[in-house]
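Visitor: sequence-free structure coming up:
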């Protein structure tokens, strides 16, 4: 039993380090995406300023160069979004729903990944604040099971000791 325990502790530490590494990768990707977004906004402002000025033959050439740069940035941004979507699809797959809805969800994959988890957090926090003596929410089929499992495995939420269909927010404040 001691050997099994030691093996399981090693597996746990390996999984935790892998999760931490994936979270760091995701943060770096998000930061890089924000930088690219700011760069694109700056280029769009420059383009607008160039359009408002009186155009001379030299500014038309510069404007064409800027348009080419903006086009390249937009294609690069799309490639990055596809790569980020692939990462999210691999590590956080979407729930199986209708094809039309799934296509809409994939268009803004990262935002839609966070929304359900944030919604669950919001429900957990509201319940904890509104009824601190009974902070449990009932888990029904509207919650996607991998999201619930993610919250439970990472210690952010706890199941009810008697009813597995109920969970509450981990009491971090105690």
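Guide: Good, I have the coordinates. This structure is a prediction, so every number in the text was calculated from the model and none was measured.
Visitor: what comes up buried for stretch 134-141?
Guide: 135-137, 139 (16 or more other CB atoms under 10 Å). Where C-beta positions appear, they are placed from N, C-alpha and C, glycine not excepted.
Visitor: ok, now stretch 146-159?
Guide: Buried positions in stretch 146-159, judged by neighbour count with 16+ other CB under 10 Å: 147-148, 151, 156-158.
Visitor: circling back to that earlier point, if you look at the buried residues of stretch 134-141, which of them are in strands?
Guide: Among the buried residues of stretch 134-141, the ones falling in strands (DSSP state E) are residue 137.
Visitor: Out of the buried residues of stretch 134-141, which comes closest to residue 78?
Guide: Of all these, residue 78 sits closest to residue 139, with 36.9 Å by CB to CB.
Visitor: From residue 34, how far off is that closest one?
Guide: Going from residue 139 to residue 34 by CB to CB, to the nearest Å gives 33 Å.
Visitor: Filter the buried residues of stretch 146-159 down to the ones in strands?
Guide: Here DSSP E is the test, and those give 157-158 as lying in strands.
Visitor: which of the buried residues of stretch 146-159 lies closest to residue 86?
Guide: For the buried residues of stretch 146-159, the minimum distance to residue 86 (CB to CB) is 19.5 Å, reached by residue 147.
Visitor: How about the contacts made by the closest one?
Guide: 116-117, 120 (CB atoms under 8 Å, 6 or more residues apart in numbering).
Visitor: Can I get those in TSV including distance to residue 17?
Guide: Shown next, in TSV, are these (distance: CB to CB, whole Å):
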residue	distance to residue 17
116	26
117	22
120	26
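Visitor: would residue 161 count as being in a helix?
Guide: No. Under the criterion used here (DSSP: H, G, I helix; E, B strand; the rest coil), residue 161 is coil, not part of a helix.
Visitor: Give the next helix or strand downstream of the longest helix seen in the chain.
Guide: Longest helix in the chain, counting residues (DSSP state H): helix 2-52. Once the chain leaves helix 2-52, the next helix or strand it forms, by DSSP states H and E, is helix 57-91.
Visitor: Which strands or helices does that following helix pack on?
Guide: For helix 57-91, the packing partners by 3 or more CB pairs under 8 Å, 6 or more residues apart in numbering; DSSP states H and E come out as helix 2-52, helix 109-130.
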